[in-house]
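A.B. asks: no sequence on this one, just coordinates:
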Ligand SMILES: Nc1ncnc2c1ncn2[C@@H]1O[C@H](COP(=O)(O)OP(=O)(O)OP(=O)(O)O)[C@@H](O)[C@H]1O
Ligand SMILES: CC(C)(CO)[C@@H](O)C(=O)[O-]
Ligand code: BAL
C-alpha cells in the first residue's frame, strides 16, 4: 500500500484492499477505467457524501475490449487520476494489474441475455460479458454498500442492475446523471482522442438526441419516425458513421410505438474521426429517473 499526494491510499492487491476495507462504516464504490474527468468526479463526490469511505477502482479491463477496439491506446495517467480522486474525496484507490484480476487459469464469464443483447451488445460482441465479469469481481473484492455508475453508459447501468438483482449481489446500485460540457458534449475519457474542433463537431450527437426529444414533445409516438428525427441531424455531418440511434423502453427492447414510461430513453452510438462515442437522454426531459424504478426494470 502506498499513500499518494492528497492522502489517497493506493492498493494493488486483494489482500491490501481487504486490510483497508476492514472495520469501516458504509463503503461507496466507483469502478472506472481511469483517465478521470468531471463525470467521474461527480460519481466520487456522491460516493463520499453518502458513505464513510469512498473507494475508486482504476482498471482498464482487457476482457471488455474486442480485437479491433482501442485497448492498446486507451488513455492512461495514474498520477493525474490520483489527484482527481483526492480532490473529489476518495480515500482509497484500487488499481490492480491485469495478472491480479485474471491470473493464469482464469475461466469464468458472467453473461446476461435480454438487456445486454441489443445496441452496444450487438455492436460490441462480448463487451457486456467482460463488463459484467469484471464488475462482479470488483464488487466481490470491495464489498461496497453502494456502487455508483454513470447514466452516460445507460445500457451498462441496466446490465449491472440486472446482474445484481439476478445474482443477489448485496449492493445498492446508484445511477448518476451524465455530466456534460457547456457545448452539450457528454464528458468521456475517449473525448481526449479528439481535438477542440472535432469535439465541437461531436456535439451533433447530443443535438440529434434533443431532436428526438423535440419530436416526442410534438406528439410523435412512432419509434421509427422519432429515430428518423435524430438520424436526420446526424446526417448533417458526413463525418458521422452511426452504429445506432434507438428509442427504447426500460428493458431496452425496441418496440414499434412508444408507451409512456419515465425510463424511455433515446440512445446513440457513432464513430467520428475514428473514435466511437455514445450518449443518451430521456425521451421526455420532464421525466426524472425514478429512484425506485431502475433501468433494466424493477429489481
Ligand atoms: N460524463 C459522465 N457523466 C457521468 N458519469 C460518467 C460520465 N462519463 C463516464 N461516466 C461513468 O464513469 C464510470 C467509469 O467510466 P469510464 O472510466 O469508462 O469513463 P468514460 O469516460 O465512460 O470512458 P470511455 O470514454 O471509455 O467511455 C462509468 O460508470 C461511467 O458511466
Ligand atoms: C464499469 C467499468 C469500470 C468496468 O470495467 C467500465 O465499463 C466503465 O468504466 O464504464
Ligand atoms: N465506459 C464504457 C467502457 C468501454 O467502452 O469499454
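C.D. replies: Nice, thanks for sending it over. As the structure is a prediction and not an experimental result, all values here were calculated from the model. Ligands and ions are numbered 1, 2, ... in the order given.
A.B. asks: could you use CA atoms for every contact and neighbour count after this?
C.D. replies: Will do.
A.B. asks: in the chain, which spans are strands?
C.D. replies: Under the criterion DSSP state E, strands of the chain are mapped to 2-3, 9-11, 27-32, 53-58, 92-94, 146-150, 172-176, 241-248, 265-272, 275-282.
A.B. asks: tell me how far the shortest one is from the chain's mean position?
C.D. replies: Put plainly, it is strand 2-3. 28 Å (C-alpha atoms, centre = their mean, to the nearest Å).
A.B. asks: need the residues that contact that strand.
C.D. replies: For strand 2-3, the external contacting residues (C-alpha atoms under 8 Å, 6 or more residues apart in numbering) are 9-11.
A.B. asks: neighbour-wise, which one of those leads?
C.D. replies: residue 10 (23 neighbours; other C-alpha atoms under 10 Å).
A.B. asks: contact partners for it?
C.D. replies: Neighbour list for residue 10: 1-4, 92-95 [criterion: C-alpha under 8 Å, 6+ apart].
A.B. asks: just the buried residues of these.
C.D. replies: Buried subset of the contacts of residue 10 (neighbour count, 16 or more other C-alpha atoms under 10 Å): 92-95.
A.B. asks: with distance to ligand 1 added, can I get those residues in TSV?
C.D. replies: Output for the buried ones among the contacts of residue 10, formatted as TSV (distance: C-alpha to the nearest ligand atom, whole Å):
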residue	distance to ligand 1
92	16
93	13
94	14
95	13
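A.B. asks: would you turn these into JSON lines with distance to residue 235 and pLDDT?
C.D. replies: Shown next, in JSON lines, are those (distance: C-alpha to C-alpha, whole Å; pLDDT from 0 to 100):
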{"residue": "92", "distance to residue 235": "45", "pLDDT": "98"}
{"residue": "93", "distance to residue 235": "42", "pLDDT": "98"}
{"residue": "94", "distance to residue 235": "42", "pLDDT": "98"}
{"residue": "95", "distance to residue 235": "41", "pLDDT": "98"}
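A.B. asks: re the thing from before, near ligand 2, which of the contacts of residue 10 show up?
C.D. replies: Under the cut-off given by C-alpha under 6 Å from any ligand atom, ligand 2 has nothing from these close to it.
A.B. asks: can you tell me which of those lies closest to residue 46?
C.D. replies: Minimum distance to residue 46 across the contacts of residue 10 is 14.8 Å, recorded for residue 92 (C-alpha to C-alpha).
A.B. asks: give me every residue in the stretch 51-200 of the chain lying close to ligand 1.
C.D. replies: For the stretch 51-200 of the chain, the contact set with ligand 1 under C-alpha under 6 Å from any ligand atom comprises 149-153, 177-180, 186-190.
A.B. asks: and the two most separated of those residues?
C.D. replies: Using C-alpha to C-alpha, the two most remote members of those are 177 and 190, lying 18.3 Å apart.
A.B. asks: ok, what's across the strand from residue 53?
C.D. replies: residue 27 (DSSP bridges).
A.B. asks: oh, and call the first residue 16 from now on, that's how I've got it
C.D. replies: Sure thing, new numbering starts at 16, so read that last one as residue 68.
A.B. asks: was I right to think it contacts residue 40?
C.D. replies: Yes - shown here, residue 68 and residue 40 form a contact pair, counting by C-alpha atoms under 8 Å, at 7.0 Å.
A.B. asks: those two - which one has more neighbours?
C.D. replies: Between residue 68 and residue 40, counted using other C-alpha under 10 Å, the more crowded position is residue 68 (22 against 12).
A.B. asks: re earlier: select from the strands of the chain the stretch with the lowest mean pLDDT.
C.D. replies: Looking over those, mean pLDDT reaches its minimum on strand 17-18, with a mean of 85.
A.B. asks: neighbouring strands for it, and are they parallel or not?
C.D. replies: When pairs are called by DSSP bridges, strand 17-18 turns out to pair with strand 24-26 (antiparallel).
A.B. asks: next, count neighbours for residue 82.
C.D. replies: Neighbourhood size, residue 82 [other C-alpha under 10 Å]: 9.
A.B. asks: gap between it and ligand 1?
C.D. replies: From residue 82 over to ligand 1 the distance is 16 Å, taken as C-alpha to the nearest ligand atom, to the nearest Å.
A.B. asks: against ligand 1, how distant is residue 116?
C.D. replies: Counting by C-alpha to the nearest ligand atom, the gap from residue 116 to ligand 1 is 17 Å.
A.B. asks: and what of residue 215?
C.D. replies: Shown here: residue 215 relative to ligand 1, a distance of 16 Å by C-alpha to the nearest ligand atom.
A.B. asks: now residue 297
C.D. replies: The spacing between residue 297 and ligand 1, counted by C-alpha to the nearest ligand atom, is 14 Å.
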